[in-house]
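[1] Okay, sequence plus prediction incoming.
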Amino acid sequence: MINLSIIVPCYNEADSLERLFNCCKESCNNRTDIEFVFVNNGSTDSTQEIMDGLLTNKEYSFGKSVHVKINKGYGYGILQGLAIANGEILSWTHADLQTDPKDVIRGYDLFKKQLCSNTCIVKGARKGRNLFDVFFTAGMSIIASILLGTKLNDINAQPKMFHKEFMKLLKNAPHDFSLDLYVLYTAARSGITCQEMSVYFNKREFGTAKGGGTLKGKFNLIKRTFSYIFELRQAITKGIR
């Protein structure tokens, strides 16, 4: 029986896939109640071929894959993985290993009772980041909290984790990086507690950051986040969400 499903969206991660799979194997530690769902999120490199080859290996039997032909956004890839997940508890984390897959399992074991009763969601709180990123994240969290009228912290930190019943509340989930914001906002609006766990943020060794890792990425993230916040505010006013 699968108790925990971990979605890992992969976009042009060919260079890091083997290490990612080995880290996931180590994280499982032969547990049979955990599955990893690897999403090839419209990659333009050899991610799909490498992923297919790795999954033929019996030592990676904890994993399965979803192939998204055209990249429609980070959130879209995660939603496709969630759609085929079998676990009672659903989660996701990044493929770049800046946060360890073990963090998801540690969070599951730590908050299992609350998660299984659907009374909380779990998220990471990143440690070990540079001061600029810390201030950037804090500023975004404060502004989002004020505009949406609910306390939000380190919005894009991984992992995110919740009971499968929580998915019923995610009726209008966005297809980009705003998915993380939407999940936290939905939980707060629904009276579901958000439990945080410290996660150490490592340096990315392969590929390039897909979100706010560069100044350009941060600018685009700010632009999209504010746009989405105002969409949510309008929806609140109209009573849609």
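    That came through fine. Residues are numbered from 1 along each chain as shown.
[2] which parts of stretch 123-143 are buried?
    Applying a neighbour-count criterion of 16 or more other Cβ atoms under 10 Å, one finds 123-124, 126, 129, 136-137, 140-141 buried in stretch 123-143. Where C-beta positions appear, they are placed from N, C-alpha and C, glycine not excepted.
[3] Same question for stretch 27-34.
    Neighbour-count burial for stretch 27-34 flags 27-28, 34 (criterion: 16+ other Cβ under 10 Å).
[4] next one: stretch 82-99
    Using 16+ other Cβ under 10 Å as the test for burial, stretch 82-99 gives 82, 85, 87-99.
[5] Which parts of this structure are helices?
    Secondary structure of the chain (DSSP state H): helices at 17-28, 47-55, 74-83, 101-110, 112-116, 131-148, 178-189, 215-238.
[6] do you know which of the ones you listed lies nearest residue 10?
    Proximity to residue 10, assessed across these by Cβ to Cβ, is greatest for helix 47-55 (5.6 Å).
[7] got the CA coordinates for the closest one in PDB?
    Extracted in PDB, the C-alpha atoms of helix 47-55 (Å, rounded to 0.1, in the frame of the first residue of the first chain):
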ATOM      1  CA  THR A  47      15.500  13.800 -19.900                       C
ATOM      2  CA  GLN A  48      12.800  11.400 -21.200                       C
ATOM      3  CA  GLU A  49      15.200   8.900 -22.600                       C
ATOM      4  CA  ILE A  50      17.400   8.800 -19.500                       C
ATOM      5  CA  MET A  51      14.300   8.600 -17.300                       C
ATOM      6  CA  ASP A  52      12.900   5.700 -19.200                       C
ATOM      7  CA  GLY A  53      16.200   3.900 -19.000                       C
ATOM      8  CA  LEU A  54      16.600   4.400 -15.300                       C
ATOM      9  CA  LEU A  55      13.100   3.200 -14.600                       C
END
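[8] Now do residue 179 against residue 32, distance only.
    29 Å (Cβ to Cβ, to the nearest Å).
[9] I meant to write residue 55 there.
    Distance, residue 55 to residue 32, using Cβ to Cβ: 17 Å.
[10] same question, residue 26
    Relative to residue 32, residue 26 is positioned 15 Å away (Cβ to Cβ).
[11] As a markdown table, the buried residues of stretch 123-143 with distance to residue 59 would be great.
    Below are those laid out as a markdown table (distance: Cβ to Cβ, whole Å):
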| residue | distance to residue 59 |
| --- | --- |
| 123 | 30 |
| 124 | 27 |
| 126 | 30 |
| 129 | 33 |
| 136 | 39 |
| 137 | 37 |
| 140 | 40 |
| 141 | 40 |
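[12] between those, which is closest to residue 48?
    With Cβ to Cβ as the yardstick, the closest approach to residue 48 among the buried residues of stretch 123-143 comes from residue 124, at 27.9 Å.
[13] That closest one and residue 106, how far apart?
    Remark: distance between residue 124 and residue 106 (Cβ to Cβ) = 10 Å.
[14] Show me the common contact partners of these two, please.
    Jointly contacting residue 124 and residue 106 under the rule Cβ atoms under 8 Å, 6 or more residues apart in numbering are residue 197.
[15] In this protein, where is pLDDT below threshold?
    206-215, 217, 235-241 (pLDDT under 70).
[16] swap the cut-off to 80 and go again
    Scanning the chain for pLDDT under 80 picks out the ranges 203-221, 233-241.
[17] correct me, but residue 41 touches residue 69?
    No. Taking Cβ atoms under 8 Å as the definition, residue 41 is not a contact partner of residue 69, at 9.9 Å.
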